[in-house]
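Visitor: I would like the atomic coordinates for the input below:
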Amino acid sequence: MPSDKKSNKKVSLREFIDKNYHLFTTIGVVAGLSALFTRLENAGYLAFLSFAMLILLNLELWMAFPKSEEASLILKAFEWIFQLFFIMVGVFVCSAYSNYILQPSILFLILLVLFAVIFIVFFEKFKLYKHVRKIAPEGKRYSPLIRGAVAFAIILIALILAMLVAEYIADLVKI
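Guide: Below is the predicted model:
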């Protein structure tokens, strides 16, 4: 019986912060640097790069949040508010440094990473790797070629989409 009570206990906000305080501290330091760089003259690239580091830290923190059914209501609310706050900071950085971000080469790289992440999540969610393994099972001579062709096709699609969308956005804002 005691194990049932323990398994039904939801993770509180205090427990989550106690467990991940190093990550919160690192996010605070990098966010502070981002704020500092936005105030410095000719430091737009530094502000943008520090925000890119914040994206990675935020992703790590987001993956650390417990599943919805394991989290307390306050922790769920904190997660949504934290993500909304992060999105708003992103909107601020993008609008403040649009002349850096909207350069076709940087925009292309941002979109390439975005599309790559979307494809990876899509591939994992629908377990498409199982279909590839059926087509190219382990131990067959042709398996590496087929798997390589599938990977190449995914990368090529991400590249083409990133290039087309970057070009479209650049035309919209007339860079």
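Visitor: Please make it C-alpha for all contacts and neighbour counts, starting now.
Guide: Fine.
Visitor: Could you check the pLDDT of Asp4?
Guide: Listed pLDDT for Asp4 reads 47.
Visitor: actually Met88, not the one I typed
Guide: Met88 is assigned 85 on the pLDDT scale.
Visitor: if I look at it, how far off is Leu159?
Guide: The spacing between Met88 and Leu159, counted by Cα to Cα, to the nearest Å, is 27 Å.
Visitor: So for these two, which sits in the more crowded spot?
Guide: Neighbours were counted for Met88 and for Leu159 using other Cα atoms under 10 Å; Leu159 has more, 18 against 12.
Visitor: wouldn't that one be in contact with Leu112 here?
Guide: Yes - the criterion here is Cα atoms under 8 Å, and Leu159 meets it with Leu112 at 6.1 Å.
Visitor: any idea of the pLDDT on the residue nearest to Leu111 when sequence neighbours are not counted?
Guide: Distances taken as Cα to Cα, 6 or more residues apart in numbering place Ala162 nearest to Leu111, at 5.1 Å, with adjacent residues excluded. In this model, Ala162 is scored at 91, pLDDT.
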